[in-house]
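Peer 1: Below: sequence and its predicted model.
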Amino acid sequence: MEPDVYFKHDGFWKPGPSIQIGDRVFIGCGTEFNIREGITIGDDCLIASGCTFIDSDHGTTPGQPMNVQQGRGSPIVIEDNVWLGAQCVVLKGVRLCSGAIIGAGSVVTKSVPAGEAWAGVPARRLRASGTPLQPSHSNSQTTHS
């Protein structure tokens, strides 16, 4: 775990762990965990710098201040061997299944199946399980004979 990793606990104390981190997990500097419901991270995960995990939100009932409303929450689960690029945001209720890869700067609002690569805002599938990522051709040079 690098320096400046933040654990913010929201809500009332309740029994049991609020966050569980497996073995051989890397967590980059500036990563933030906002915990109300619970966050679980499996073994052998790579979490790059500046990632944010938020397992709840605020209420949005019109005519009432949002800061006094009870929001909804749902645990975040990161299974084994998951890689998150820098500055990712993972929102409530998301499950990143074993071997998932999340591209830098992505906002993950849905669960990601095992072995898939996702990226974007919101994150969407780039690669299905078991298929290689295709290299970008935007910087390639064409040789003419």
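Peer 2: Ah, there it is.

Peer 1: Name the residue closest to the centre of this protein, please.
Peer 2: For the chain, residue 90 is the residue whose C-alpha lies nearest the centre (CA atoms, centre = their mean; 3.3 Å).

Peer 1: how far away is that residue from residue 112?
Peer 2: According to CB to CB, to the nearest Å, residue 90 stands 10 Å off from residue 112. C-betas here are computed from N, CA, C, even on glycine.

Peer 1: if I look at the two, which residues touch both of them?
Peer 2: 96, 102 (CB atoms under 8 Å, 6 or more residues apart in numbering).

Peer 1: so what pLDDT did the residue nearest to the centre of the chain get?
Peer 2: At residue 90 the predicted local distance difference test score is 98.

Peer 1: Could you do residue 138 as well?
Peer 2: pLDDT, residue 138: 48.

Peer 1: same question, residue 143
Peer 2: 44.

Peer 1: Residue 36 now?
Peer 2: Confidence score, pLDDT, at residue 36: 91.

Peer 1: residues touching it, list them.
Peer 2: 9, 10, 11, 55, 56, 73.

Peer 1: what do you get for residue 57?
Peer 2: Going by CB under 8 Å, 6+ apart, the list of residues near residue 57 reads 71, 72, 73, 91, 92.

Peer 1: Of the residues you listed, keep whichever come out buried.
Peer 2: When the contacts of residue 57 are checked for burial by 16 or more other CB atoms under 10 Å, the buried set is 73, 91, 92.

Peer 1: End to end on stretch 79-92, go ahead and measure it.
Peer 2: 15 Å (CA to CA, to the nearest Å).

Peer 1: Residue numbering should commence at 36 henceforth.
Peer 2: Sounds good: first residue 36 from here, last item stretch 114-127.

Peer 1: any idea how far that stretch is from the chain center?
Peer 2: 3 Å (CA atoms, centre = their mean, to the nearest Å).
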